[in-house]
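**Q** The sequence and its predicted three-dimensional model are supplied below.
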Amino acid sequence: MIDLTAAEIRDGVRAGKWKAREVVEAHLARIAAIDPKLHAFLHVDAAGARAAADRVDASSSKGPLAGVPLAVKDNMCQRGIPTTCASKILEGFRPPYDATALLRALAAGAVPVGHTNLDEFAMGSSTENSAYGPSRNPWDTTRAPGGSSGGSCAAVAARMAPLAFGSDTGGSIRQPAALCGVVGMKPTYGRVSRYGLVAFASSLDQIGPIARTVRDAAMFLQAFAGHDALDSTSAPAEVPDYEKELEAGVKGLRVGVPKEFFGAGTDPGVRAAIDAALRLLQKQGATLVEISLPHTDYGIAAYYVIAPCEASSNLARYDGVRFGHRAKSFDGLVDMYRKSRTEGFGEEVRRRILLGTFALSSGYYEAYYKKALQVRRLIKNDFDEAWKKVDVIAGPTSPIPAFRIGEKANDPIAMYLCDVLTVTAPLAGIPGISVPAGFTGEGLPVGLQLLGKEWSEAMLLRAGRAYERETEFWKRSPAL
Ligand code: GLN
């Protein structure tokens with residue numbers, strides 16, 4: 001049962017072939033057996049999962065995700081379930097409400113099994129910044145699964161849940177999806193409600209689907225995309241039927257290949273896998289067009305100013321008064337703030353708060369924050385130019401495959417540079433998907449990244465599906 005796709009599980013539950021309860025028991029057993037090796041989960045809610053499955057079995061209407069086990073990134077609020085963002089500062093926090101995207105998945109019949117590990121407040125690319133210890137890559141447990149949605153991607157790759165929620169601010173869905181060999185999509189900014197997603201950088205954050213197949217990702221996104229009155233930045237635009245043209249192929253599609261996406265730091269195994277993927281798309285009838293996104297290299301610098309600036313503002317709410325951790329002993333109000341925040345936040349989060357506060361401070365605002373916003377516009381202009389010539393942009397999701405745990409942990413700049421190919425899409429607000437594209441010589445997964453213009457999710461899913469149909473890398477399962 002753990003090898004079934006979400007679509008197969010749902011269809012079987014609807015047809016009475018199996019019960020949601022049987023499906024969830026198989027996945028809970030898998031979690032109990034495998035998760036001690038991977039630490040993908042911070043909290044497993046077996047009782048809640050069983051109760052949700054029983055409700056699906058008892059109900060006469062079986063929704064589009066009926067009986068499908070679902071892992072939830074631990075920065076999404078779930079009523080009554082510990083939601084920590086992998087931070088000590090939120091230890092013990094049990095939200096009194098559900099995130100809208102989660103609420104919609106539950107209404108569709110999904111069965112939430114637990115909350116997954118992440119870099120603290122989603123700041124990182126490896127899950128090593130979790131206050132509760134790193135997750136491990138199912139393909140090689142000495143390596144990181146990527147991040148920040150590393151727990152979600154490891155859980156899906158290791159068959160602990162066929163679907164997982166992730167959030168992507170600068171690559172946190174696509175990069176770990178690539179490193180774990182699963183499908184991950186960051187939707188257009190505004191496609192999905194952010195209500196109940198703990199804010200990191202509000203102008204960039206988006207919730208998106210993680211799955212083993214493109215069809216599952218499409219089916220999952222369908223269930224939670226769309227306008228929400230509780231998030232004024234969610235677009236009041238109609239959600240198309242993502243499965244309708246999924247099998248329509250890539251014939252006639254113009255695929256842009258930006259030369260900047262194949263820089264000097266690209267791993268040769270990644271390069272070979274992506275070259276093969278591009279040739280395959282061409283063989284399927286797509287036209288490859290060499291393009292340039294000249295400001296790609298400035299993405300990291302702009303992102304690592306803008307995201308920390310927004311974070312420094314968003315994280316001001318953790319003051320030891322209303323949420324989570326408060327220092328035991330302190331000498332007055334300012335000391336209480338200082339001690340509570342120093343004890344509650346990890347090193348990377350503190351670094352971002354300091355960087356962001358500095359970049360926004362009087363005298364530096366124009367030099368850093370405003371400048372970064374101007375670069376953001378140039379990056380967006382690059383894409384707008386590209387759409388005059390191509391329908392989709394293709395390249396690697398990450399220049400390197402999964403790296404060893406500890407390898408970059410003490411070098412923030414090296415860690416930031418991992419995001420060079422993923423930060424530009426959220427800066428421009430456009431959608432992107434990472435699809436399994438084979439393996440390096442060492443057997444580590446590679447992700448093919450496809451980017452499209454605003455609201456082109458259906459096209460990205462269709463292109464991803466066309467590629468997946470010929471390759472079927474998703475059928476390979478890590479030996480655990
Ligand atoms: N790795 C990036 C960062 O550390 C992106 C994280 C994310 O998308 N949440 O900010």
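**A** Arrived safely. Numbering: from 1, shown residues only.

**Q** Can you give the contact residues for stretch 223-230?
**A** Outside stretch 223-230, the residues within contact range by C-beta atoms under 8 Å, 6 or more residues apart in numbering are 63-65, 100-102, 104-105, 108, 110, 187, 191-193, 195, 207, 234-237, 239, 457. Placement of C-beta: from N, CA and C, glycine included.

**Q** Tell me the residues of the chain that contact the ligand?
**A** 122-125, 148, 168-172, 200, 307, 419 (C-beta under 6 Å from any ligand atom).

**Q** one step back: buried subset of the contacts of stretch 223-230 as a ChimeraX selection?
**A** In ChimeraX, this line selects whichever of the contacts of stretch 223-230 come out buried by 16 or more other C-beta atoms under 10 Å:
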select :63,64,65,100,101,102,104,105,108,110,187,191,192,193,195,207,234,235,239,457
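
**Q** Which neighbouring elements make contact with the least confident helix or strand in the chain by mean pLDDT?
**A** Sorted by mean pLDDT, DSSP states H and E, the helices and strands of the chain end with helix 412-417, the least confident at a mean of 90. Other helices and strands packing on helix 412-417, by 3 or more C-beta pairs under 8 Å, 6 or more residues apart in numbering; DSSP states H and E, are helix 299-314.

**Q** Give me the helices and strands touching the helix it packs on, please.
**A** Using 3+ C-beta pairs under 8 Å, 6+ apart, the elements in contact with helix 299-314 are helix 347-360, helix 371-386, helix 412-417, helix 424-428.

**Q** Centre-most residue in the chain?
**A** With distances taken as C-alpha atoms, centre = their mean, I173 lies nearest the centre of the chain, 1.9 Å away.

**Q** Burial check on H115, number of neighbours?
**A** Residues near H115, counting by other C-beta atoms under 10 Å, number 27.

**Q** cool, the one 10 residues further on as well?
**A** Residues contacting S125 under the criterion other C-beta under 10 Å number 28.

**Q** got the contact list for the residue nearest to the centre of the chain?
**A** Residues in contact with I173 (C-beta under 8 Å, 6+ apart) are S149, G166, S167, G184, M185, K186, G208, I210, S434.

**Q** Mind checking which of those land in strands?
**A** Secondary structure from DSSP state E places G166, S167, G184, M185, K186, G208, I210, S434 of the contacts of I173 in strands.

**Q** what is the fifth one paired to in the beta sheet?
**A** Beta-bridge pairing of K186, defined through DSSP bridges, involves G432.

**Q** What is the most widely separated pair among the ones in strands among the contacts of I173?
**A** The two members of the ones in strands among the contacts of I173 with the most space between them (C-beta to C-beta) are S167 and S434, at 14.5 Å.

**Q** who has more neighbours, the two?
**A** S434 (36 against 27).

**Q** Skip the chain neighbours and tell me the closest residue to A372.
**A** Once flanking residues are discounted, A372 sits nearest to V305: 3.8 Å by C-beta to C-beta, 6 or more residues apart in numbering.

**Q** Could you point out the longest helix of the chain?
**A** helix 20-38 (DSSP state H).

**Q** Please enumerate residues in contact with the helix or strand that comes right after that one?
**A** Counting by DSSP states H and E, the element after helix 20-38 in chain order, helix or strand, is strand 41-44. Residues outside strand 41-44 that contact it (C-beta under 8 Å, 6+ apart): 28, 31, 35, 71, 74, 81-82, 84, 86, 113-117, 130, 132, 151, 155, 160.

**Q** how about a cut-off of 10 Å?
**A** Contacts with strand 41-44, where a contact means C-beta atoms under 10 Å, 6 or more residues apart in numbering, come from 28, 31-32, 35, 71-74, 78, 81-86, 113-118, 130-133, 135, 151-152, 154-155, 160-161.

**Q** ok now the helix or strand following that strand, how far from the chain's centre?
**A** Next along the chain after strand 41-44, taking DSSP H and E as the criterion, comes helix 46-58. Counting by C-alpha atoms, centre = their mean, to the nearest Å, helix 46-58 is centred 26 Å from the centre of its parent chain.

**Q** Partner strands of the helix or strand just after helix 46-58, with direction?
**A** Once helix 46-58 ends, the next helix or strand along the chain (criterion: DSSP H and E) is strand 69-73. With DSSP bridges as the criterion, the sheet partners recorded for strand 69-73 are strand 111-116 (parallel), strand 163-168 (parallel).

**Q** now the angle from strand 69-73 to helix 20-38?
**A** 40 degrees (axes from the mean of the first three to the mean of the last three C-alpha atoms, to 10 degrees).
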